[in-house]
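Visitor: Pasting the sequence and the predicted coordinates here, then a few questions.
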Amino acid sequence: MDPISLEQWIKTHSIIERTINGFWVCFKNYLNEYPEEVNMFSDEINLDDITIKVDTIAYKTTFHPEYQIADSEYSQEVVSIFDVLYRNKNIGYYKMFFYLDGECYDDSLVTEWTKWYITIKLESLIELQRDLNNELINNNVKVEEASIFQNILESKITKIRAQIYN
């Protein structure tokens, strides 16, 4: 399928709108089915803070040498992939799979709360480190005490950065 045909196919089958609607159904089901996972990272999810944006809509031909689909070793599909953001931080992605006749045959939601949570934790520790420095500058804390806390904070920050960047 050439790019112009794909663009027309996307419009004809309302792929963007259907993917958005599918995401919300899937995400609300996820919130209901896995509350412990969500609550581990946030006390309350405000759905107004969730946004999704188109990442990719692609035509794909897959080769299936081990089995045949509709008398062929090949299958054609269009995959719509949207990034999922919470408070402008990427927390995962949503995929919707379509046959060429426009029928949706599957979808999947992949959450990446852990990375988001670790990033928030890092930002909080860095802010705490800055606050401690300000208290030290203003003579509101003793140098010895500040030094102990600074070492602990630096150790935790280094550990979290290693988790994020490795």
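Guide: Structure's in. What do you need?

Visitor: show me where pLDDT drops low in this structure?
Guide: 40-43, 64-74, 114, 116, 164-166 (pLDDT under 70).

Visitor: Now do the buried residues in the longest helix seen in it.
Guide: The single longest helix within the chain, with elements called by DSSP state H, is helix 113-137. Under the neighbour-count criterion of 16 or more other CB atoms under 10 Å, helix 113-137 has 116, 121, 122, 125, 129, 132, 136 buried. Using the backbone N, CA and C atoms, a C-beta is placed for each residue, glycine as well.

Visitor: Contacts only, for the second one.
Guide: The reference is to residue 121. By CB atoms under 8 Å, 6 or more residues apart in numbering, residue 121 lies in contact with residue 160.

Visitor: Just the CA atoms of stretch 37-52, as CSV, please.
Guide: What follows is stretch 37-52, C-alpha atoms only, in CSV (Å, rounded to 0.1, in the frame of the first residue of the first chain):
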residue,chain,number,x,y,z
GLU,A,37,-0.8,-1.6,39.9
VAL,A,38,-2.0,2.0,39.3
ASN,A,39,-2.3,2.8,43.1
MET,A,40,1.3,1.8,43.6
PHE,A,41,2.4,4.8,41.6
SER,A,42,-0.4,7.3,42.2
ASP,A,43,-3.1,7.7,44.8
GLU,A,44,-5.6,8.9,42.3
ILE,A,45,-5.5,9.0,38.5
ASN,A,46,-7.1,12.1,37.0
LEU,A,47,-8.3,11.1,33.6
ASP,A,48,-8.0,14.7,32.5
ASP,A,49,-4.2,14.3,33.0
ILE,A,50,-4.1,11.4,30.5
THR,A,51,-3.4,12.3,26.9
ILE,A,52,-2.7,10.2,23.9
